[in-house]
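Chemist: Generate coordinates for the sequence data below:
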Amino acid sequence: MISETQKWKVIERAVANTSAPDLFKKGRTMVLGSILPFLLLILWELAARAGVLAPHLLPAPSLILEKIIHMQKDGSLYAHVSVTFTRVCIGFAIGTAAAVIIGAVVGYAKTAEQLFDPLLQAFRSIPSLAWVPLFILWMGIGEPSKITLIAVGVFFPVYLNIVAGIQGVDRKLIEVGKIYQLSPFQLTKRIILPAALPSFMTGMRSGLGLGWMFVVAAELMGASEGLGYLLVVGQNTYSPDTVIASILLFAVLGKVTDALLKWIEFRSLKWQDSMNNQA
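Modeler: Purely as a prediction, here's the structure:
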């Protein structure tokens with residue numbers, strides 16, 4: 001019999017052997033991914049200090065950092081970031097939920113595809129800014145119109161990917177499920193959804209990216225808070241540091257949320273025998 005102490009030693013050894021390479025890979029990925037941004041920031045700072053870049057057009061990164069720190073100290077930074085982040089999250093949730101429901105029906109039923117898909121594809125071709133005056137007329141300049149615009153931007157990439165994922169499921173897998181007499185619910189749960197999950201996760205990441213783009217258009221609709229509002233303030237007051245600080249904050253928030261979705265995607269698709277999951 002193995003004693004309790006020996007069991008714990010085996011577990012600790014296994015954890016050490018598996019976690020160290022993972023930590024090394026993550027650290028190496030972070031270092032490599034940071035090289036180009038740091039180089040660009042250094043070159044930008046040097047060019048600004050040398051007078052190559054006009055300060056009234058493209059101020060140095062240090063000045064932009066000072067602007068962000070100033071907004072953090074007076075409390076406006078958290079207010080603007082939290083408002084924009086909340087709008088994106090709500091719009092993303094609504095757009096994704098609608099896309100999953102409609103996309104699942106369209107992808108699974110040929111009649112539904114013939115009925116709904118042409119109309120949805122026509123709506124997809126409408127530019128994002130074309131929705132702005134219509135939503136203002138319908139819902140005013142409050143939160144509903146902004147969140148609806150973001151949800152519209154999120155909906156289409158998620159919808160397209162989930163339909164493609166469901167329709168791309170290998171028919172042989174479905175036939176195997178039918179041989180084992182799986183019910184339609186079991187067939188969907190055990191075969192169709194897992195097979196369509198990679199496309200769905202890709203659609204979610206694309207939808208989230210568009211959500212961050214659409215929130216800028218949404219916050220041009222008479223907003224009094226948010227990073228998009230800061231862009232307008234910077235433009236009206238001729239403050240390039242405010243404009244660029246807002247753009248950089250958009251980039252950081254977009255990257256962080258995409259990294260979170262990418263981590264969820266990695267954890268959800270660990271069962272795949274893909275290059276990304278190789279040891």
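
Chemist: now the helices for this structure?
Modeler: 4-49, 61-74, 76-108, 110-124, 128-139, 143-167, 171-179, 184-187, 193-219, 227-236, 240-268 (DSSP state H).

Chemist: So, low pLDDT: which residues of the protein?
Modeler: Under the criterion pLDDT under 70, the flagged ranges of the chain are 1-30, 271-279.

Chemist: Can you give me the domain assignment for it?
Modeler: Per automatic domain parsing, the structural domains of the chain span 1-52, 60-277.

Chemist: Kindly compare burial across those domains and name the winner.
Modeler: domain 60-277 (a mean of 17; mean count of other Cβ atoms under 10 Å). Using the backbone N, CA and C atoms, a C-beta is placed for each residue, glycine as well.

Chemist: what would the helices of the chain look like in a markdown table with distance to P55?
Modeler: A markdown table is the format used below for those (distance: least, Cβ to Cβ, whole Å):
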| stretch | distance to P55 |
| --- | --- |
| helix 4-49 | 7 |
| helix 61-74 | 8 |
| helix 76-108 | 22 |
| helix 110-124 | 42 |
| helix 128-139 | 31 |
| helix 143-167 | 34 |
| helix 171-179 | 61 |
| helix 184-187 | 63 |
| helix 193-219 | 25 |
| helix 227-236 | 15 |
| helix 240-268 | 8 |
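
Chemist: wait, what's in contact with the residue nearest the centre of the chain?
Modeler: The chain has L208 as the residue nearest its centroid, 3.1 Å off, counting by Cα atoms, centre = their mean. By Cβ atoms under 8 Å, 6 or more residues apart in numbering, the contact set of L208 is 88, 92, 154, 254, 257-258, 261.

Chemist: now swap in K262 and tell me
Modeler: Taking Cβ under 8 Å, 6+ apart as the test, what K262 contacts is R205.

Chemist: Please name the residues that touch H80.
Modeler: 71, 225-227, 229-230.

Chemist: Try it again at 10 Å.
Modeler: Residues near H80 by Cβ atoms under 10 Å, 6 or more residues apart in numbering: 71, 219, 223, 225-230, 233, 246, 249.

Chemist: which one among these gets closest to I141?
Modeler: Ranked by distance to I141 (Cβ to Cβ), the contacts of H80 are led by A223 at 7.8 Å.

Chemist: gap between the residue nearest to the closest one when sequence neighbours are not counted and V152?
Modeler: Among residues not flanking A223 along the chain, Y229 sits closest, at 4.5 Å (Cβ to Cβ, 6 or more residues apart in numbering). For Y229, the distance to V152 (Cβ to Cβ, to the nearest Å) stands at 20 Å.

Chemist: mind checking how far stretch 34-54 is from the chain centre?
Modeler: Distance of stretch 34-54 from the chain centroid (Cα atoms, centre = their mean, to the nearest Å) equals 28 Å.

Chemist: So what touches that stretch?
Modeler: Stretch 34-54 has contacts (Cβ under 10 Å, 6+ apart) with 55, 58-65, 240, 251, 255.

Chemist: if we take the residues you listed, which one ends up nearest to K178?
Modeler: K255 (43.8 Å).

Chemist: With E265 as the reference, measure out to that closest one.
Modeler: Counting by Cβ to Cβ, the separation of K255 from E265 is 15 Å.

Chemist: now do A104
Modeler: Look at A104 and E265: by Cβ to Cβ, they are 19 Å apart.

Chemist: so what's V81 up against?
Modeler: For V81, the contact set (Cβ under 10 Å, 6+ apart) comprises 71-72, 225-227, 230, 246, 249-250, 252-253.

Chemist: Just the closest of the residues you listed to L134, please.
Modeler: Distance to L134 across the contacts of V81 (Cβ to Cβ) is lowest for G226, with 20.7 Å.

Chemist: For the closest residue to F156 other than its chain neighbours, give its distance to Y159.
Modeler: Nearest non-adjacent residue to F156, counting by Cβ to Cβ, 6+ apart: R124, 4.7 Å away. Distance check for R124 against Y159: by Cβ to Cβ, it reads 8 Å.

Chemist: L46 now?
Modeler: For L46, the distance to Y159 - Cβ to Cβ - is 46 Å.

Chemist: again with A151
Modeler: Separation of A151 from Y159 (Cβ to Cβ): 12 Å.
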